[in-house]
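K.L.:
Structural data only, the sequence is not supplied:
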């Protein structure tokens, strides 16, 4: 599931330059018995299977970088109970030397896992078939913020980089089907253009995501 997204474009170039290192730990390698069991029925009944805490903890220990201090490494469980992942969290993760993402699966994870992780994170109020796709999303969002992955300054005015969404952008042709590029953008007056960008950014945010604006 992880082979494609990290083998192309920006993330792949970052890996080739050794700016980002991405490794995979298969939980089943730490499973028990002949069939490498990683899950079991829930105590108290209920539908579905639960990932075993002992199996996961062994996998976590294997994934850890023993050379790093605890403060330089973060262990994150992808879970619908976690705080919603956002750009602020992506920036925080990008400053962590080693980020371990645990992909939830099946019906859930033994609740005792909370004693072996640093936090739980969700990508939104919906459920996926597993934590792999959320892990890909978070890895992408975090990797692009690491120094050298993108040209300097590229992310400064992006949506969510501040408290507002990005301003509207245009390119050639100047006029298309009677739709024109705002005159200010072709005026050459850089001071006025910057002022327009800030105004439009606030306007767009107020219209579609007003909760992002500070009181």
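P.N.:
Everything's here; your move. As the structure is a computational prediction, the values presented were derived from the model and not from experiment.
K.L.:
Show me the strands in this structure, by range?
P.N.:
Secondary structure of the chain (DSSP state E): strands at 39-41, 49-51, 73-84, 98-103, 108-109, 119-122, 175-176, 179-180.
K.L.:
Give me the contacts around the last one.
P.N.:
Which is strand 179-180. The contact list for strand 179-180 (Cβ atoms under 8 Å, 6 or more residues apart in numbering) reads residue 174. Glycine gets a C-beta too; all of them are placed from N, C-alpha and C.
K.L.:
which of the strands of the chain is buried the deepest?
P.N.:
Scoring these by mean neighbour count under mean count of other Cβ atoms under 10 Å gives strand 108-109 as the most buried, with a mean of 22.
K.L.:
Distance from it to the middle of the chain?
P.N.:
Taking Cα atoms, centre = their mean, to the nearest Å, one finds strand 108-109 lying 20 Å from the centre of the chain it belongs to.
K.L.:
now for that strand, which elements pack on it?
P.N.:
strand 49-51, strand 73-84 (3 or more Cβ pairs under 8 Å, 6 or more residues apart in numbering; DSSP states H and E).
K.L.:
which helix of this protein spans the most residues?
P.N.:
In the chain, taking DSSP state H as the definition, the longest helix is helix 190-208.
K.L.:
Quick check: which of the strands of the chain is nearest to residue 5?
P.N.:
strand 98-103 (13.5 Å; Cβ to Cβ).
K.L.:
if we can go back for a sec, kindly reformat the strands of the chain as CSV containing mean pLDDT.
P.N.:
As requested, the strands of the chain are exported to CSV (pLDDT from 0 to 100):
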stretch, mean pLDDT
strand 39-41, 95
strand 49-51, 95
strand 73-84, 96
strand 98-103, 97
strand 108-109, 93
strand 119-122, 97
strand 175-176, 97
strand 179-180, 98
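K.L.:
And these: which comes nearest residue 165?
P.N.:
strand 73-84 (17.0 Å).
K.L.:
Mind giving me the packing neighbours of the closest one?
P.N.:
helix 87-94, strand 98-103, strand 108-109, strand 119-122, helix 132-143.
K.L.:
Run the chain-centre distance for it.
P.N.:
That offset, for strand 73-84, works out to 11 Å (Cα atoms, centre = their mean).
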